[in-house]
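Chemist: Sequence plus the predicted model coming up.
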Amino acid sequence: MPTHMLLRSLFVATISSNRFLLIPALHLLSFLSKPNRSFLFNLDRNPVLKAVLKRTLYNQFCAGETEQETQACVKQLKDLGFKGVILTYAKEMVFDHKAGSAKDHGLEKGINGKAALHDADIEAWRQGTLRTLDLISKGDILALKTTGGGPAVSAAFSQGSLPPQQMLSALDELATKCKQRGIQIIIDAESQHWQHGIARTTLELMRKFNRGGKAVIYNTYQAYLKETPAVVQQHMAEAEKDEFTLGLKLVRGAYILSDNRALIHDTKEDTDNAYNTIAQGALRQRLGPFGGKHRLFPSVNLLLASHNRESVMAASALHRQRVEAGLPTVPVAYGQLHGMSDEVSFSLLAERDKGGISPEVFKCTTWGSMGNLGTPILSGLLNSPDATQFTHYTACISSVASESRLSTLFAQHIASKKLSLARSTLSITHAIQHSSVILLAVDPSQVTSLLSIPSIASAFHSQPPNSSNQAGKLVISVIAGLSTTSLSSTLLSTPPQNNPTLHILRALPTIHAQISHSHTAIQLPPASSRPFPHHHLETATSLFSTLGTTALIAEHHMAATTAVSGSTPAFWAVIVDAMVDAAVAVGLPREMAQEQVYRSMRGSAEMFLRGWKTGEVRDMGTSPEGCTIGGIMVLEEMGVRGAVGKALRESVTIAREMGREGQGERHVNDTRRV
């Protein structure tokens with residue numbers, strides 16, 4: 001396991017294993033998840049807070065915010081030795097037994113039980129699940145939360161019925177695609193309010209797809225429920241009668257806080273006994289009336305999903321012993337949540353049979369968004385009368401949500417054929433091939449996975465059809481922390497001999513591009529044996545001038561510029577937020593306080609830009625024994641100047657680390673030494 005993953009796991013485990021740390025942490029997360037927070041506590045508005053949570057909790061438990069991040073995480077998990085991943089499209093409803101109501105996780109409509117001819121919620125669930133399916137490959141598992149299909153689906157489940165035909169068709173489509181691609185499906189257990197309908201639906205899918213001794217569909221059985229042993233045996237009887245393979249995923253249970261407590265075992269020991277009895281009974285092919293002299297054991301595939309080391313290690317040892325002794329058993333695999341119980345997962349991987357083969361271990365993870373420079377840049381280009389040198393634009397996107405958002409935002413330009421959208425690998429490849437200028441505005445974590453796609457990588461080297469431009473393509477990267485050297489080594493490592501003229505520039509717009517006030521830094525091309533066409537530099541300057549002002553920056557200043565231009569808006573936001581809160585504390589209404597502080601900041605910035613010195617502006621508002629000097633003295637005594645300076649130096653240090661990827665000399669004023 002990489003060191004950073006180990007340290008992150010240790011950090012999270014330390015908090016989660018100590019109730020005095022865990023309870024405040026959970027309260028904090030609950031606080032942050034609520035809408036309409038101030039800037040300081042708003043994940044969507046505060047990039048520093050978002051970055052901290054993403055690098056800790058989010059990356060510990062989730063695969064990624066985008067398809068590319070998710071695919072990179074999946075590859076990393078497989079490289080660690082895991083058989084594959086269990087990836088879920090996490091959209092569900094939870095029924096609170098105590099409140100007698102459904103809590104909607106990702107849905108916006110109430111439950112009314114009315115099924116339309118075409119249900120938008122079911123279609124949205126289908127599209128999201130198909131996107132999730134595209135992120136995994138043969139040997140992986142797709143986990144489904146079926147109540148994510150919306151109110152009509154959950155209403156049917158609550159009555160123990162099959163869902164609407166539209167949902168059944170979507171499930172059939174998914175199962176067919178998965179079977180063709182060698183991917184299995186887990187139908188997750190959910191609140192007991194829905195579970196009988198879910199189980200009925202899953203059995204119907206198993207009857208159709210679980211043939212020939214191989215389970216494509218797994219049902220999830222919760223051992224903490226008193227009825228589970230009987231339910232498992234009922235479903236085994238169905239498998240025996242209709243001659244299909246029962247996909248048996250066994251968990252302890254996850255809805256103890258919302259389900260009817262009377263349905264759940266009274267003690268943890270009872271739950272442990274139920275879990276181990278079912279697991280080891282299946283492995284021995286002796287469970288209830290099945291496997292004895294008078295009744296054969298039906299075809300079963302077993303998936304043990306548990307963080308309980310004793311249960312899974314005992315099951316693994318039993319399975320290995322029976323295989324080596326030539327005794328009958330069932331196929332078994334194991335699963336733990338991404339970011340949890342890594343010691344159990346790696347202990348299983350360390351087990352070996354006589355042939356040196358490890359058990360099949362999966363990591364279960366989810367993906368989805370927790371900000372986008374591409375949109376304001378595109379908007380500036382499309383709406384600027386000065387950007388006349390470009391005849392057509394193609395926006396390459398990675399999600400249905402982005403496609404829908406841009407289709408609405410730029411409907412007029414799409415209708416006029418000035419803009420088109422590309423989402424599939426084929427259409428993105430085509431767009432790159434036919435473009436003379438390419439703007440790379442993806443997340444840094446997506447770069448490797450994006451450029452590792454052969455068709456996309458080779459498209460960068462193709463000359464646009466009917467192009468009179470002999471200088472080759474211009475690639476402009478606005479990816480934070482990615483140097484032109486790193487990008488060049490990826491794109492220019494083995495260029496086609498007939499086209500060695502791909503030119504790369506790096507630019508750093510600021511978030512002020514959203515209001516056309518960016519001050520974009522454009523890195524001067526480094527000295528090279530390949531001359532950089534001057535008109536490419538003019539093109540880049542013209543492009544970013546639609547967003548505000550531009551400046552040409554030498555390469556050795558780019559790391560500092562990344563932080564000074566890119567991080568300071570967040571710093572100003574924190575400072576302004578503190579001033580507004582203080583103004584409210586002393587009696588001003590919040591809206592009035594915001595207006596006064598914002599305009600004070602804006603006016604001061606205009607004065608500095610027009611030539612006033614900072615000392616002059618400070619002295620103009622300061623009088624002996626006055627309120628301003630009193631406040632300034634508090635700032636000085638509290639060390640604000642030093643704190644702000646160190647914060648900026650820390651940002652620059654991190655930017656340098658990102659740019660040199662751990663290599664090269666450290667700067668004398670870096671905040672730390674590595």
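Modeler: Everything's here; your move.

Chemist: When you work out contacts or count neighbours from here on, use the C-alpha atoms and nothing else.
Modeler: Will do.

Chemist: in the stretch 251-400 of the chain, which segments are predicted with low confidence?
Modeler: Residues of the stretch 251-400 of the chain meeting the criterion pLDDT under 70: 255-258, 338-341, 366-374, 376, 383-389, 399-400.

Chemist: same check, this time on the stretch 501-650 of the chain
Modeler: For the stretch 501-650 of the chain, applying pLDDT under 70 flags the ranges 501, 527-530.

Chemist: just the helices in it please.
Modeler: Remark: helices assigned in the stretch 501-650 of the chain by DSSP state H, counting those that start in this stretch are 534-545, 558-566, 568-585, 590-609, 614-620, 627-637, 640-660.

Chemist: do the same with the stretch 251-400 of the chain
Modeler: Using DSSP H, counting those that start in this stretch, helices in the stretch 251-400 of the chain cover 268-284, 309-325, 342-350, 374-383, 400-409.

Chemist: Let me know which of the helices of the stretch 501-650 of the chain is tucked in deepest.
Modeler: With neighbours taken as mean count of other Cα atoms under 10 Å, the helices of the stretch 501-650 of the chain reach their highest mean count in helix 558-566, at a mean of 20.

Chemist: helices or strands up against that helix?
Modeler: If you count contacts as 3 or more Cα pairs under 8 Å, 6 or more residues apart in numbering; DSSP states H and E, helix 558-566 packs onto strand 518-523, helix 640-660.

Chemist: and the angle from it to strand 518-523?
Modeler: 180 degrees (axes from the mean of the first three to the mean of the last three Cα atoms, to 10 degrees).

Chemist: If I take helix 558-566 and helix 640-660, what angle do their directions form?
Modeler: Using the same axes, to 10 degrees, helix 558-566 lies at 130 degrees relative to helix 640-660.

Chemist: Dump the helices of the stretch 251-400 of the chain into a markdown table; add distance to Asn260 as well.
Modeler: As requested, these are exported to a markdown table (distance: least, Cα to Cα, whole Å):
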| stretch | distance to Asn260 |
| --- | --- |
| helix 268-284 | 16 |
| helix 309-325 | 26 |
| helix 342-350 | 30 |
| helix 374-383 | 47 |
| helix 400-409 | 37 |
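
Chemist: JSON lines for the ones you listed, including distance to Gly182 and mean neighbour count?
Modeler: JSON lines is the format used below for the helices of the stretch 251-400 of the chain (distance: least, Cα to Cα, whole Å; neighbours: other Cα atoms under 10 Å):
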{"stretch": "helix 268-284", "distance to Gly182": "24", "mean neighbour count": "19"}
{"stretch": "helix 309-325", "distance to Gly182": "24", "mean neighbour count": "16"}
{"stretch": "helix 342-350", "distance to Gly182": "22", "mean neighbour count": "17"}
{"stretch": "helix 374-383", "distance to Gly182": "36", "mean neighbour count": "19"}
{"stretch": "helix 400-409", "distance to Gly182": "25", "mean neighbour count": "14"}
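
Chemist: Of all the ones you listed, which one is nearest Val251?
Modeler: Val251 lies closest, by Cα to Cα, to one member of those: helix 268-284, at 7.5 Å.

Chemist: can you list contacts of the closest one?
Modeler: By Cα atoms under 8 Å, 6 or more residues apart in numbering, the list of residues contacting helix 268-284 from outside reads 223-225, 229, 250-252, 265, 287, 300, 302, 304, 311, 315, 318-319, 322, 328-330.

Chemist: that older thread, quick one, which of the helices of the stretch 251-400 of the chain gets closest to Pro624.
Modeler: Of all these, the one in closest proximity to Pro624, counting by Cα to Cα, is helix 374-383 (46.5 Å).

Chemist: Dump the helices and strands packed on helix 558-566 to JSON lines, plus distance to Met558.
Modeler: Formatted as JSON lines, the helices and strands packed on helix 558-566 follow (distance: least, Cα to Cα, whole Å):
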{"stretch": "strand 518-523", "distance to Met558": "7"}
{"stretch": "helix 640-660", "distance to Met558": "9"}
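
Chemist: follow-up on the earlier one: and of the helices of the stretch 251-400 of the chain, who's closest to Gln159?
Modeler: Comparing the helices of the stretch 251-400 of the chain against Gln159 with Cα to Cα, the closest turns out to be helix 268-284 (27.0 Å).

Chemist: quick one on the thing from earlier: and the helices of the stretch 501-650 of the chain as JSON lines, adding distance to Asp242?
Modeler: Below are these laid out as JSON lines (distance: least, Cα to Cα, whole Å):
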{"stretch": "helix 534-545", "distance to Asp242": "66"}
{"stretch": "helix 558-566", "distance to Asp242": "63"}
{"stretch": "helix 568-585", "distance to Asp242": "62"}
{"stretch": "helix 590-609", "distance to Asp242": "68"}
{"stretch": "helix 614-620", "distance to Asp242": "83"}
{"stretch": "helix 627-637", "distance to Asp242": "78"}
{"stretch": "helix 640-660", "distance to Asp242": "58"}
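
Chemist: quick one: which of the ones you listed is nearest Asp342?
Modeler: Checking the helices of the stretch 501-650 of the chain against Asp342 by Cα to Cα gives helix 640-660 as the closest, at 27.8 Å.

Chemist: which helices and strands sit right next to that closest one?
Modeler: On a contact count with 3+ Cα pairs under 8 Å, 6+ apart, helix 640-660 meets helix 558-566.

Chemist: Not counting its own residues, what contacts the helix it packs on?
Modeler: Contact with helix 558-566 is made by 480-481, 508-511, 519, 521, 523, 648, 651-652, 655-656, 659, as judged by Cα under 8 Å, 6+ apart.

Chemist: export that helix as PDB, just CAs?
Modeler: C-alpha atoms of helix 558-566 as PDB (Å, rounded to 0.1, in the frame of the first residue of the first chain):
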ATOM      1  CA  MET A 558       4.800  29.800 -12.600                       C
ATOM      2  CA  ALA A 559       4.700  27.900  -9.400                       C
ATOM      3  CA  ALA A 560       4.500  31.100  -7.300                       C
ATOM      4  CA  THR A 561       2.000  32.500  -9.800                       C
ATOM      5  CA  THR A 562      -0.200  29.400  -9.300                       C
ATOM      6  CA  ALA A 563      -0.600  30.200  -5.600                       C
ATOM      7  CA  VAL A 564      -0.500  34.100  -5.800                       C
ATOM      8  CA  SER A 565      -3.200  34.300  -8.500                       C
ATOM      9  CA  GLY A 566      -5.000  31.000  -7.800                       C
END
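
Chemist: Fine by me, we can end here.
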